[in-house]
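Peer 1: Quick one, what's the 3D model for this:
(chains A and B)
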Amino acid sequence: MNAFEYAGPTSPELAVKAIGRSGAAFLSGGTDLLNRMKDYVATPSRVVYINDIKPLAGVHASGGAMSIGAATKLAAIVHDKTIEAHLPALHRATAEVGTPQLRHMATIGGNLLQRPRCWYYRNGFGLLGMKDGKSLVRTGDNRYHAIFLTDGDALFVNPSSIAAPLIALGAEATLLGPKGERTIAVEKLYQVPKSAADSELTIAADELLTKVTIPRIRGKNATYEIRQKRAYDWPIVLASAALELDGSKVTSAKIILAGVAPIPWRSEEAEAAIVGKELTTESAEAAGAAAVSKAKPLSMNAYKVTLAKVAVKRALLTIAGKKYWEEA
Amino acid sequence: MASWPQNPKLIGGRIPRLDGLGKASGKTKYPSDVRPDGTLFGVLLTSPVPYAKIKSIDASAAAKMPGVKAIHLVVEAGGTLHYQGETIGGVAAETEEKARDAVRAIKVEYEILPHVATEEQAMAPGAPQIMNGGNVRKGREVANPKVDEAYRAADFKLDSTYSIPVITHVCLESHGLTVRWDNDDHMTVWASTQNVGGVSGELAGAFQIPATNVHTMTEVMGGGFGSKFGADVWGVIAGHLSKKAGGKPVRMFLDRSQEHLTGGNRPSGTAHIQMGATKDGMLTAMIAETHGTGGSSRGANFPLPYVYFVPNAKRSHSDVYVNGGDARAMRAPGHPQGCALMEAAMDDIAAMIGIDPLDFRIKNLPPKDFRTPIYLQELELGAKAIGWKEKWKPRGQNGSGTIKRGLGLGLHQWGGGGTTDKQVSCTINPDGSVEVKSATQDLGTGTRTILAIITAEVLGLKTTDIKSNIGDSLFPPGQPSGGSTTAPSMSPPAYNAALQARDAFLAKIAPALAAEAQQLSLADGQVLIDGQPKISWKDACRKLGMGSVSVTAGALPGLSSNGVGGCQFAEAEVDVETGVVKLKKIVAVQDSGLIIDMLTWESQVYGGVIGGINPALFEERVMDPGSGLMLNADMEMYKLAGASDIPEIVVIPLDTPEMRARGVIGVGEPPTISTAAAIRNAVSNAIGVPVNKWPMTPMNVLDALAAAKQGKA
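Peer 2: Residues are numbered from 1 along each chain as shown, chains lettered A, B, ... in the order given. I've put the predicted structure just below:
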């Protein structure tokens, strides 16, 4: 780890002021940044600690909408009864992050803005995993990499399992910068980098994510995560679905996948397949198949196409209360 | 021939380990916790590239950095580095952070050489050759002349390829030691080692001083599994750094990434197996072409055929050299690979024949082997505990839903005998305290406790009355802890020393009790005369006056033995849509002669099974062909089971009068051997399709299902 300056501002505005220079980084729970610093993947010259800024933490409900401060610990989200009751997609995804220790340190803002876990990136080959102008990922070990947008150079997957339910729920992110506040849809936090110099995050270096806001939810929602281990593991694929229903007929759908593309992946194909249909095992199966109809896996990860299909199906059937995979 | 007590009070009981509380409470200091006054922190400089010549190396800037006290390099300009993580040198500084910064400030210019990081790369035609004599070294073929004919004539012919990848040791405490020069020719060393004597010997050799001048201590240690037998190159570097820093202690432990890259690993194994059997389930032939990699310089052989009687066999094995970290012994070296590959083929051919795989194994046990009757007893116990009769169904018949349940099993074998040249001293003091000493060490296996149990048994005391002092190279010569040899090597001399100390003690106090020595005996903390309690142990010891009784003794014949069997059964649930495997239960049945402490013995078996679950489901060193680096040299993507991944584990000792009569046999290695085989077979049984690549990940399971579907279509 390189030596760095340290600032501990007491308000969001002071935090933005303190970050106002190149090479600085916000530090919240530290479960990602510190590891990148120890591995010299990140070498910030200044670290701005935001975990003591009280207004940044906490879950607030008002008029059916829900606002979650960016520095809210994941454990606090897991323990929130309103979230558990009304936003099971968010609750489930949050409860499965890391370990109890990690959930007591990590924050929702940090989860949304963590950098990719791609092992080429973490071994120093940049976001695109390039060496001598060639992609190491495409010819290398890409078992955990993307199955969508694989014609491009960015083959890592977005690592946030919380972005998927938030996007499915129509959440917005509030960003505070030197020129004031702006609010964008959560999906707009992410972009596909076009070159090694690009970031996969749209947030400016001097902007602070202050909160996410989830509008009043009328329908039902669920997340299904496929992971290898039960203890401390990343999802291989995760799907979140938010549906509005008229009886058992789906009137609107938002279906987001994590672990399949360099951005949280909205599956319009799956949405189109389920809207207007009764929510049944068959229609969920068809939506799953539609979700992967345009998947283009890499050399090692065809299995993830199967997983994406199953994750979508199971997220939908969780909403339908048909957890057939728990029968044994 | 000596024999163990017929009706022991302690031996075979469930006795908590003496150092348990200290370890659990954090009071006990592990070697990596030790910080003698003035400790400097060592950090190792290792190769960041897979294969390169060093063009130049310049440590002058690093040497001038604040807090840096010494630098020592072991590779010079012109030297070659063969894998990422190979040691180049080390720095000692006032803090670990300063040492890390200084290591990064050493300027090394590399001439990059074309690498081969995977076996596929190394074996490819036209591959760059990294070894004199080539990347592939084929061993001598061992063949029965009739094997090809026997295979051709077989009723059922299996032809499959199986592979299990390289895994790393991942000791909880990383490799390392702290070294201090006490004067020009004496060193004190606190090492995390399986061999205190070996560490002293290696350092003494490196610095040309007598081994007796190197005092190595390992009070406890955090796991070695075969990878911690010497001072290692980083230990010698620490010695040089300490010398250059005026003798100050230098602490040098590998970091977590170096632990994966530099600290050793278990070789991979791949086998193309052709196996023949008759309609009624008798093996007739086995042809196995195998290879594996032990890194850039080590071999990768494993036993095959394994356990079963194969009338006609042919085996050829090739070691493949890659630019990857070198292998070291890992718990039952070679056996888990041989067992996994053999047992997979056994299950697959049993499925072809349509025979119950348990019956198939019983039929093919070697008829004249001493282990066969042991296996038969163990299989009966294990089958009962897992519910084989009620639950086992042929492949493809394990449920119609998405969750399939399956059963599998595997058999294994090991030596586990000891040496006869080790010693233990036993001292009885006038204050009643008793101390045993030996230069062996406790890897966490319970060695300290079993020496105390044996001593207490003989002296009629409690285990906690005995001070069991091991892990010190200046004590009488003790066993290096490898190959499950510690208990069988150390129990006999501990027993002998206690017997001799007892006899000397009774002879000494007999006059004070107005009795003849042969009238005296010891039990329940009392000295007995003609079987009647006469005086307490403490009071009796006071009669020693100013002199202690101290005896150093070697082994007696007949107290230990060699050669064990063992079998494991697994029950697994597999989600055939996701390929996710959930273990329900493992049953481990194990013999190991006379069990001294049932509690620490069971712990060994639990640990072995858990150690086997990891390569079964999770573990794999992932090497990148493009960069030549290990992609998962961390604790995030190098996957290991957490508590919630561990199923119910049922441990069953084969603890019979016949087994006890064999004397002590080690149990460290055997219980980890067949776990990965049993789990693979349970998974394949569940899903109805053989999975031929370990670990049983969603990728490998789904790929196997997809391949089977394609084959059918």
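Peer 1: Any chance you could give me the longest strand anywhere in chain A in PDB, C-alpha atoms only?
Peer 2: Under DSSP state E, the strand in chain A containing the largest number of residues is strand A:235-246. What follows is strand A:235-246 as a C-alpha-only set of coordinates in PDB (Å, rounded to 0.1, in the frame of the first residue of the first chain):
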ATOM      1  CA  PRO A 235     -23.000 -15.100  -7.200                       C
ATOM      2  CA  ILE A 236     -22.100 -16.700 -10.500                       C
ATOM      3  CA  VAL A 237     -25.400 -15.400 -11.900                       C
ATOM      4  CA  LEU A 238     -28.200 -13.500 -10.200                       C
ATOM      5  CA  ALA A 239     -31.600 -12.400 -11.500                       C
ATOM      6  CA  SER A 240     -34.000  -9.800 -10.000                       C
ATOM      7  CA  ALA A 241     -37.500  -9.400 -11.200                       C
ATOM      8  CA  ALA A 242     -40.100  -6.800 -10.400                       C
ATOM      9  CA  LEU A 243     -43.600  -7.500 -11.800                       C
ATOM     10  CA  GLU A 244     -46.900  -5.800 -11.700                       C
ATOM     11  CA  LEU A 245     -49.800  -8.200 -11.800                       C
ATOM     12  CA  ASP A 246     -53.400  -8.200 -12.600                       C
END
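Peer 1: What are the buried residues along the very next helix or strand once past that strand?
Peer 2: For strand A:235-246, the following helix or strand on the C-terminal side (DSSP states H and E) is strand A:249-258. Going by neighbour count (16 or more other C-beta atoms under 10 Å in any protein chain shown), the buried part of strand A:249-258 is A:250, A:253-258. C-beta: built from backbone N, CA, C; applies to glycine.
Peer 1: just to revisit the earlier point, give me the sheet partners of the longest strand of chain A and which way each runs.
Peer 2: For strand A:235-246, sheet partners with direction are given as strand A:220-227 (antiparallel), strand A:249-258 (antiparallel), following DSSP bridges.
Peer 1: of the buried residues of strand A:249-258, closest to A:Ala24?
Peer 2: Of all those, the one sitting nearest A:Ala24 is A:Ala258; the distance, using C-beta to C-beta, is 28.4 Å.
Peer 1: Switch the buried residues of strand A:249-258 over to a markdown table; also include pLDDT.
Peer 2: Below are these laid out as a markdown table (pLDDT from 0 to 100):
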| residue | pLDDT |
| --- | --- |
| A:Val250 | 98 |
| A:Ala253 | 98 |
| A:Lys254 | 98 |
| A:Ile255 | 98 |
| A:Ile256 | 98 |
| A:Leu257 | 98 |
| A:Ala258 | 98 |
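Peer 1: Count the neighbours of residue 24 for me.
Peer 2: Picking chain A for this. The burial count assigned to A:Ala24 is 19, neighbours taken as other C-beta atoms under 10 Å in any protein chain shown.
Peer 1: Hmm, no, I was thinking of chain B.
Peer 2: Neighbours around B:Ala24, by other C-beta under 10 Å: 10.
Peer 1: did I read that right, it in a strand?
Peer 2: No - the assignment for B:Ala24 by DSSP: H, G, I helix; E, B strand; the rest coil gives helix, which leaves it out of any strand.
Peer 1: ok, now how distant is it from A:Asn51?
Peer 2: Using C-beta to C-beta, to the nearest Å, B:Ala24 is found at 32 Å from A:Asn51.
Peer 1: end-to-end on stretch B:175-192?
Peer 2: 6 Å (C-alpha to C-alpha, to the nearest Å).
Peer 1: Might you name the residue of chain A sitting closest to chain B?
Peer 2: Nearest residue of chain A to chain B: A:Ala231, at 2.2 Å (C-beta to the nearest C-beta).
Peer 1: residues touching the closest residue to B:Asp356 other than its chain neighbours, list them.
Peer 2: For B:Asp356, the nearest residue in space outside its immediate sequence neighbours is B:Trp392; the separation is 6.8 Å by C-beta to C-beta, 6 or more residues apart in numbering or on different chains. Taking C-beta atoms under 8 Å, 6 or more residues apart in numbering or on different chains as the contact definition, B:Trp392 lies against B:356, B:358, B:407, B:685.
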